[in-house]
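Participant: My questions concern the predicted model and sequence given below.
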Amino acid sequence: MRLILLGAPGSGKGTQGQRLAARLGVPHIASGDLLRAEVRDRTELGRLVAGYLDSGQLVPDELTFKLVVPVVLAAARAGGYVLDGFPRSVAQAVQAEEVAAESGAGPERVIFLAVPEAVLVKRLSERAATSGRSDDTPKVITDRLRVFEAETRPLVEHYRTRGLLREVAADRSTDEVAEAISAVL
Ligand code: ADP
C-alpha cells in the first residue's frame with residue numbers, strides 16, 4: 001500500500017504514520033525526520049537546510065527532492081510506504097507526480113488528518129516542553145501553521161480532485177483516530 005498522510009503540524013501525522021506503517025508492513029517515511037537527521041549528522045545537505053527547519057519555512061524543493069525521492073521510490077519498489085510531510089505544496093505534488101508516473105510509485109490514497117487550529121496550537125505548545133525540537137517555540141509554531149495554511153492546505157483539494165482523498169477527524173484520542181483511518185482505507 002502506498003499512502004500519503006496529510007495534516008498540519010500537530011495533527012498527529014507522526015504518531016499515526018508509525019502505527020499505520022507497522023500495521024501495513026511498510027516503512028514510515030517522514031520528510032522532517034530525514035531532514036533533521038541530516039542536520040544532526042552535520043552533512044552538507046544538513047548545513048544547507050538547518051536554517052529553514054529552525055524558522056519553520058519549507059526547505060527548497062531541489063534539496064527536499066534530492067533527499068526524499070530516492071527513499072520513496074525504493075520503498076514503492078519494495079511494497080509501499082506511509083509518507084508523512086511530503087509533498088508539502090502543490091508544486092511538490094506536481095513534480096512528484098511526474099517523477100512517480102514512470103514507475104507507478106504514486107500514492108493510492110491520501111489521508112487528511114483534520115484538526116481545528118486552536119487544538120493544534122495547544123498540542124504543539126504542550127509538546128514543545130519535551131520535544132527538544134528547535135522549531136517548537138511559540139513564534140516558529142505560529143509560522144509553521146501559517147506555512148501549512150498557505151502552502152500545504154491546497155493539497156487537500158488537489159488530491160480530492162484526483163479522487164484520492166479520505167478525510168479523518170483527528171481531534172480525538174490516538175486509538176480513535178487510528179480506527180477511523182482503518183475504516184476509510
Ligand atoms: P511538522 O509537520 O510538525 O512541522 P515535520 O517534521 O513534518 O514537522 O517538518 C519539520 C520541518 O521540516 C518543516 O517546517 C520544514 O522546514 C521541513 N520540511 C519537512 N518536509 C518538507 C517538505 N516536503 N518540503 C520542504 N520542507 C520540508
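Facilitator: Yep, that arrived.
Participant: Could you use CA atoms for every contact and neighbour count after this?
Facilitator: Fine.
Participant: quick check, the helix or strand of the chain with the lowest mean pLDDT touching the ligand?
Facilitator: When the helices and strands of the chain are scored by mean pLDDT, DSSP states H and E, helix 117-131 comes last with a mean of 93. No - Helix 117-131 lies apart from the ligand when judged by CA under 6 Å from any ligand atom; the minimum separation is 8.0 Å.
Participant: Identify all contacting residues around stretch 160-179.
Facilitator: The contact list for stretch 160-179 (CA atoms under 8 Å, 6 or more residues apart in numbering) reads 11-12, 15-16, 19-20, 108-116, 119, 156, 159, 180-181, 184.
Participant: tell me what the least confident helix or strand of the chain is packed against?
Facilitator: Under the contact definition 3 or more CA pairs under 8 Å, 6 or more residues apart in numbering; DSSP states H and E, helix 117-131 sits against helix 138-147.
Participant: before we move on, back to that, would you mark the buried spots in the least confident helix or strand of the chain?
Facilitator: By neighbour count on 16 or more other CA atoms under 10 Å, the buried set for helix 117-131 is 120-121, 124-125, 128.
Participant: which one among these gets closest to the ligand?
Facilitator: Nearest to the ligand out of the buried residues of helix 117-131 is Leu124 (CA to the nearest ligand atom; 8.0 Å).
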